[in-house]
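# Prediction below, plus the sequence it came from.
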Amino acid sequence: MAFGTELFGAKRWIYIGGYSFQPASFASVALIIHVAVLLHRKQDYIKDFKRSFMPIMFWIITTCGLIGLEDFSSAAILLMMCLLMMFVGRINILHLGGLLMVGLIGAAALLYTSPERMSRVTHYVDQIVHIKSDEFNANDGYQAQQAQIAIAQGNILGVGMG
């Protein structure tokens, strides 16, 4: 965020040697590998809260928190992948369940206290309600407009990705 190159309206890209990448992509892969290694090393005491759950969650929360500052959806997907890995890696289900409950309560509080996020959710729900009641107009939302443009320009073979 501090010194990245702005591309597509986001300052998340770094250019090195003619190649560009998002540091969040590198951090995501590194976190998944690190969580896998930690789960393997801690199998003898995997049910212990302080020796296994907390150290693993430290890395997950730190990485997902930094990624989530600029790209919440990628951070949420990465968090869910790590939690799934922890479930498969035999972390105590009560620890994971407690974390999910705290996370749901926190997300609800964040949603409730942020008018911008709340308006996005209500707009999304309104679009779904209109689709289900057959009152949907293709010009109601940005995504629907873009879909119509893609269909119109694509013909039989389409226009490719993006």
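Right, received. Where do you want to start? The model shown is predicted, which means the values in this text are computed figures rather than measured ones. Numbering: from 1, shown residues only.
# From here on, just use CA atoms for contacts and neighbour counts.
Noted.
# And for residue 42, the neighbour number?
Taking other CA atoms under 10 Å as the neighbour definition, residue 42 ends up with a count of 17.
# so the closest residue to it other than its chain neighbours, which of the three states?
Nearest-residue entry for residue 42: residue 52, 6.2 Å, with adjacent residues in sequence omitted and distances by CA to CA, 6 or more residues apart in numbering. With DSSP: H, G, I helix; E, B strand; the rest coil as the basis, the three-state label of residue 52 is helix.
# For residue 52, which residues are in contact?
By CA atoms under 8 Å, 6 or more residues apart in numbering, residue 52 lies in contact with 39, 42, 45, 46, 91.
# let's see it at 10 Å
Under the criterion of CA atoms under 10 Å, 6 or more residues apart in numbering, the contact list for residue 52 reads 38, 39, 41, 42, 43, 44, 45, 46, 91, 92.
# can you list these in a markdown table and add distance to residue 28 and secondary structure?
Listed next are these as a markdown table, based on distance: CA to CA, whole Å; DSSP: H, G, I helix; E, B strand; the rest coil:
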| residue | distance to residue 28 | secondary structure |
| --- | --- | --- |
| 38 | 15 | helix |
| 39 | 16 | helix |
| 41 | 20 | helix |
| 42 | 21 | coil |
| 43 | 23 | helix |
| 44 | 26 | helix |
| 45 | 26 | helix |
| 46 | 23 | coil |
| 91 | 20 | coil |
| 92 | 24 | coil |
